[in-house]
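Participant: Sequence and computational prediction follow.
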Amino acid sequence: MRENSLLRRPSAGFEATDAPPRDGRQSEAALAVARGTRRLLRSMNFASVTELPLLSGRRADIVALSGAGELLIVEVKSCVADFRADHKWPDYRAHCDWLYFAIPPGMPAEIMPQDAGLIVADAWGAEILREAPHHKIAPATRRAVLLRFAQAAAHRLHGLCDPEAAGGF
């Protein structure tokens with residue numbers, strides 16, 4: 001079979017499997033909040049991916065997609081120190097129609113920004129405490145985020161079915 005260089009070259013910005021990073025950056029508490037939040041989103045008919053690289057170079061904790069093509073980003077905060085150390089979350093607004101924070105039970109909700117939605121979650125489920133304001137994103141941005149979402153989801157699914165593909169052909 002003839003080698004095809006196009007098949008060997010991953011798309012810009014993505015690795016062959018593009019699996020969520022297992023780099024130890026996420027605490028057990030953050031992973032539990034993300035799990036419960038994704039369960040809630042799925043029950044609302046949103047598909048979601050974690051650790052999605054955005055056009056700005058930032059990486060969103062959870063990006064969710066509705067059947068109508070609307071985008072929601074959830075920034076997971078596992079504790080007060082995690083929230084206070086993070087100043088990049090306002091950049092996510094340009095990449096979604098709704099921006100939420102997800103926190104564990106017991107974390108003080110009153111410190112979370114009032115101009116974003118709020119979810120309380122544990123590993124088994126979640127509840128929306130405050131709806132996020134809707135702000136429709138630009139069509140070109142929507143298209144770009146949707147393409148990144150689709151590629152990441154497809155690469156991750158492929159990686160589950162064919163782990164050897166991660167290293168190339």
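Facilitator: Arrived safely.
Participant: tell me, which helix in the protein spans the most residues?
Facilitator: Longest helix in the chain by number of residues (criterion: DSSP state H): helix 139-161.
Participant: Going by neighbour count, which residues in it are buried?
Facilitator: Buried positions in helix 139-161, judged by neighbour count with 16 or more other Cβ atoms under 10 Å: Arg142, Val145, Arg148, Phe149, Gln151, Ala152, Ala153, His155, His158, Gly159. The way it works is simple: take the backbone N, C-alpha and C, and place the C-beta from them, glycine included.
Participant: got the contact list for Thr37?
Facilitator: Ile62, Val74, Val76, Ala102, Ile119, Ala121, Ala126 (Cβ atoms under 8 Å, 6 or more residues apart in numbering).
Participant: tell me, how many neighbours does the fifth one end up with?
Facilitator: What it means is Ile119. Using other Cβ atoms under 10 Å, Ile119 has 23 neighbouring residues.
Participant: what pLDDT does it get?
Facilitator: Looking at Ile119, its pLDDT reads 98.
Participant: doesn't Gly67 fall inside a helix?
Facilitator: No: assessed with DSSP: H, G, I helix; E, B strand; the rest coil, Gly67 is coil; it does not lie in a helix.
Participant: List the contacts of it.
Facilitator: Shown in contact with Gly67 (Cβ under 8 Å, 6+ apart): Asn45.
Participant: Pro90 now?
Facilitator: Contacts of Pro90 by Cβ under 8 Å, 6+ apart: none found.
Participant: where does it land in three-state SS?
Facilitator: At Pro90, secondary structure determined by three-state DSSP is helix.
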